[in-house]
Structures are given as C-alpha cells and as structure tokens.
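Engineer: Pasting a predicted model and its sequence here:
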Amino acid sequence: MQSRNKIHFISIGGSVMHDLAINLKKSGNEVTGSDDKIYEPSKTNLKKNNLYPKKLGYFKKNISKNLDFIITGMHTKGDNIELQTAKKNNIPIYSYPEFIRKSSNNKHRIVIAGSHGKTTITSIIMHVLKTHKIKFDYLIGGRANGFNSNIRISENPLIIIEGDEYLTSPIDKIPKFLKYDHHIVLLNGIEWDHCNVFANKKIYLNQFKSLINKTPKGGEIIFFDGDINVKKIIKNFKNEDVILKSFNREKSIKKNNNCFIYNNSNELIKINIFGEHNLQNIAGSKIVCEQLGIKNKDFYEAIKTYKLPENRLSLIHNKKNKVFRDFAHSPSKLSSTIKAVKKFHNKKLLVIYELHSSSSFNKKFLKTYKNTLSYSDDSIIYLSDHIIKNKKIKKPSLKEIQSFFNCKNIKYVNNTNKLGALLSQKKYINHNKLFMSSGNFDGLNIKKM
C-alpha cells in the first residue's frame, strides 16, 4: 500500500469506522467521510480531527475519480449513491474487515470469537501485551481501559482482532470474522444470536464451523471446554495439522469484598473483576498470551492491574448501594452477570434490562430469555418507544414480557420518565442496581440519576 492514499469513508460515524478514519489520517493519508447520522462519541472525535462531514448525507460529488479506494461501513445500503458512483468509476471498495485484512498481510493475526466475552478477552490480551511493552496492533469493539481508540493499524508484526460473527455489510453477507484469515483463533461460549440474519441455531453454529475450518496448517484453535456448542463443533473438527488447546475458568475466592485468583505458585492475587464469565475470560486470555510468548508469571503480574472496558460490568456508583452498568444482549450473558453480582455482593438486587438489539424483537428469540432473571430480587424491562416506532415493531404486552422471562413480578416501561419515576420508589432504596443493555436507555444519564 502507498504511504499516502486518498480514502473516502462511506458511513464514517460507526464506532470502529470513525476510529479507523482517524488512524489513517494520522498515518499521513488524505481522508474524507460521509454519513447521514453521527452520534457521540464519534461526533466529537471526528470534529476534533477535522473529519466531520460538512453536511450530513450521501452525495455523488463526494466520490472523485482520484480516490485510491473507498471503505464502507455496516449500515451502508446497496443503493447508496456514493457506493453506486464508486462502482461506476471502478474505485476499489473495501468493508472495514477487508481493509483490516489487507493492512495485516504480514502480521501474525489472532482472532477472538464467541457470542460473548470477545471484548473482555481482547482487552485483557491488549493490557498484558502493553504492560510488557510488546508491540502490537488491534481491533476491538469497545473502548479498552488504557487505550484511546478502538483500532490501531501500523507496522507492528502482531494484531489482536475481536472477531464479530455479524455480517460484514448489507452488500456483503459474510460474517466479519471470516475475513481476517487468522493464525490463532479463540472460541469462547457460543449461544444463538443475531436471529435477524441467522434464522436458527444450526445456521448460526455453521458460521463458527466455517471459522475454525479456515485455520491454516500449523495454526491454533483455543476453545472453552465448558460450553456444549463449542465442544460439539470441536468434536467434529478433523485436521491433524491444527493445534487444539482448551481452557476452562480460573479458580477464585472472595476475601474482604475482593476477588482473588491463584497464580502458578498457588499464591493469591487480587484482581479488579469478578464472576464466572470473567474468570473464564482470564483463562482464555492466558492461553493466547502463552502462545505469544508471555510467561504465566508475567501474565499474572499484569492481570493485577487490569480493568474492564467501558460499560463492561462497570461500577459507576460505589457507596452503600452499588450501581453497575454492563453491555449485554444475550440471554446467557444476562443470566450469568446477574448471578455474579448477586453472589459477590450479597444484597437485594434490582436489574434494569433494555431490549435493544434486533434479536430482542423476535418472539422466537425472546423465548430464550426464560428464567434469566431468576437471581434478581426485582426486575425492570425497558423497551424504548422510539425503537418501537423506528423499527416498526409490534409492542409486546406486559403479559408477553412476563411470559418470555417467566417472571410475574416484572416491571415494564417504555420511556425514561417512567423509568426514572419507577427507580425513585422507596422499595428500591436499599437495592444494588444493575443496568444492562447493548444500547443506552435513550441517553439516560445513569450516573447523574
């Protein structure tokens, strides 16, 4: 690739897209971009780097014939005028996963996959490598603690990639993680998700089968052996030229309201995170780091200072009653996080869960939420009136919500005013609170509230 290219981003406002645009501009490229809607923090970051479009929308004039290539985002539609103009002018077009692969041709590529835990595992590996001053590039779906971007592309010989199974783009119906051509892949737990594009569990699992089948000769598959779907896929995998390594969970104890794990010398190490999922994430990360030459003693030294990424079981209020914020959209993640908070902080717990992802509006998928709230003392389900209107979905009734979750005393609200009024009730005054969503509760300022 030339040291300086003229690049245009279609749908520049995405969380990864805008960080990639900034990264490429700082590397000396001439970058422009367009989008019809741009939200925070992308808006501020693009303005700060003089990349915010002069006018929102997509325009034919943005596609000049002297562009070297186009990078297009997830919500670019097939009939987009800029996309059509680029095709007409024979300008090379890449999705961002394709561009990451193109830019990583000479790198050792590690892909972290699974229905949940991807961001946490990726960020743990990043933290360990950074602590021990090992040079690497990365692509991660959330903002990792200690890093000011979701992406770094440079001349480093190693790249850690969070491998999302969702489609590359509306014009490329292939999962993103199949684009990266990994050398090492980690498979965490697998649970049917994205039912809007993967109609059933079998189709969904086939994407992960395709992923491990892309592992090259001499490559490695690291997998969680406590997941029935993962074990089924691994059992049917036949390639003696690929190395298989399994992991489970780190052993832990609770002491003085803190979580401790054991290092290789059987010494207790205090860590900043808790819960079975995170103990699983640590174990998987350790195996990957071993394969990258990190000794176990060095891994455990680094994990002492690790903190979760933004909105991953973040403690946002730490007084008499604790308030947590977590990213979640899958039933098992919801259930396991509630269980972790309840068991670690033995106190009444109020769970506020927002139905936000496209899967959450599919009644067939909603049935998989059955009993996921069983560890909560009280529960509120939030489904935004704005989402109901914009996505043109039929609003589920309270009775349906109670049936889906198998929880009769559940509360159900559709706007922030009603949610605020409900949360201010005296009955919840002595509860710990856990806000869970892949969205943002219509911009509700949880900290301020």
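Structural biologist: Great, that's in hand.
Engineer: Could you chop this protein up by domain?
Structural biologist: If the domains of the chain are taken from automatic domain parsing, they occupy 6-91, 99-303, 314-443, with pieces of a single domain joined by a plus sign.
Engineer: tell me the mean pLDDT for stretch 25-35?
Structural biologist: In this model, stretch 25-35 carries a mean pLDDT of 96.
Engineer: For it, what is the distance to the chain centroid?
Structural biologist: The offset between the C-alpha centroid of stretch 25-35 and the centroid of the whole chain comes to 25 Å, using C-alpha atoms, centre = their mean, to the nearest Å.
Engineer: What residues sit buried inside it?
Structural biologist: Neighbour-count burial for stretch 25-35 flags 25, 29, 31-35 (criterion: 16 or more other C-beta atoms under 10 Å). Where you see a C-beta, it was placed from the backbone N, CA and C, and this is true even at glycine.
Engineer: any chance of the domains of the chain in JSON lines, with distance to residue 449 too?
Structural biologist: Shown next, in JSON lines, are the domains of the chain (distance: least, C-beta to C-beta, whole Å):
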{"stretch": "domain 6-91", "distance to residue 449": "18"}
{"stretch": "domain 99-303", "distance to residue 449": "22"}
{"stretch": "domain 314-443", "distance to residue 449": "6"}
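Engineer: Show me where the stretch 1-150 of the chain has its helices.
Structural biologist: In order along the chain, the stretch 1-150 of the chain carries the following helices (DSSP state H, counting those that start in this stretch): 15-26, 42-48, 81-88, 96-103, 118-131.
Engineer: Report all helices and strands that the third one contacts.
Structural biologist: When you say that, I think you mean helix 81-88. Contacts defined by 3 or more C-beta pairs under 8 Å, 6 or more residues apart in numbering; DSSP states H and E place helix 81-88 against strand 6-10, strand 69-72, strand 93-95.
Engineer: In contact with the closest residue to residue 68 other than its chain neighbours, which residues?
Structural biologist: In space, not counting the residues next to it along the chain, residue 68 is nearest to residue 5; the distance is 4.1 Å by C-beta to C-beta, 6 or more residues apart in numbering. Residue 5 makes contact with 24, 29-30, 68-69, according to C-beta atoms under 8 Å, 6 or more residues apart in numbering.
Engineer: Low-confidence ranges, the protein, go.
Structural biologist: Judged against pLDDT under 70, the low-scoring parts of the chain cover residues 1-3, 195.
Engineer: Which helix in it has the most residues?
Structural biologist: The helix spanning the most residues in the chain, taking DSSP state H as the definition, is helix 276-291.
Engineer: ok, back up a step: deepest in the core, which of the helices of the stretch 1-150 of the chain is it.
Structural biologist: Highest mean neighbour count among the helices of the stretch 1-150 of the chain (mean count of other C-beta atoms under 10 Å): helix 118-131, with a mean of 24.
Engineer: ok, residues contacting that helix?
Structural biologist: With C-beta under 8 Å, 6+ apart as the test, helix 118-131 has contacts from 110, 112, 136, 138, 140-142, 144-147, 158, 160-164, 186, 188, 277-278, 281-282, 284-285, 288-289, 292, 294, 298-299, 301-303, 305-306, 308-309, 312, 327.
Engineer: now do stretch 143-157
Structural biologist: Stretch 143-157 is contacted from outside by 15-16, 19-20, 22-24, 27, 100, 103-104, 106-108, 119, 122-123, 126-127, 130, 135-142, 306-310, using C-beta under 8 Å, 6+ apart.
Engineer: got the buried residues for that stretch?
Structural biologist: With the criterion 16+ other C-beta under 10 Å, stretch 143-157 contains buried residues 143-145, 147, 149-153.
Engineer: Quick one: closest of the helices of the stretch 1-150 of the chain to residue 436.
Structural biologist: helix 118-131 (14.6 Å; C-beta to C-beta).
Engineer: and that closest one, how far out from the chain's middle?
Structural biologist: Relative to the chain's own centre, helix 118-131 is displaced by 13 Å; criterion: C-alpha atoms, centre = their mean.
Engineer: quick revisit: return the member of the contacts of residue 5 nearest to residue 227.
Structural biologist: residue 24 (37.0 Å).
Engineer: Quick check: nearest residue in space to that closest one, chain neighbours excluded?
Structural biologist: residue 31 (5.5 Å).
Engineer: For that neighbour, list the residues it contacts.
Structural biologist: Applying C-beta under 8 Å, 6+ apart, the residues contacting residue 31 are 7-9, 21, 24-25, 51.
Engineer: Check the gap between residue 276 and residue 372 for me.
Structural biologist: Separation of residue 276 from residue 372 (C-beta to C-beta, to the nearest Å) stands at 15 Å.
Engineer: Give me the helices and strands touching whatever helix or strand residue 260 lives in, please.
Structural biologist: Secondary structure assigned from DSSP states H and E places residue 260 in strand 258-262. Other helices and strands packing on strand 258-262, by 3+ C-beta pairs under 8 Å, 6+ apart, are strand 252-255, strand 268-271.
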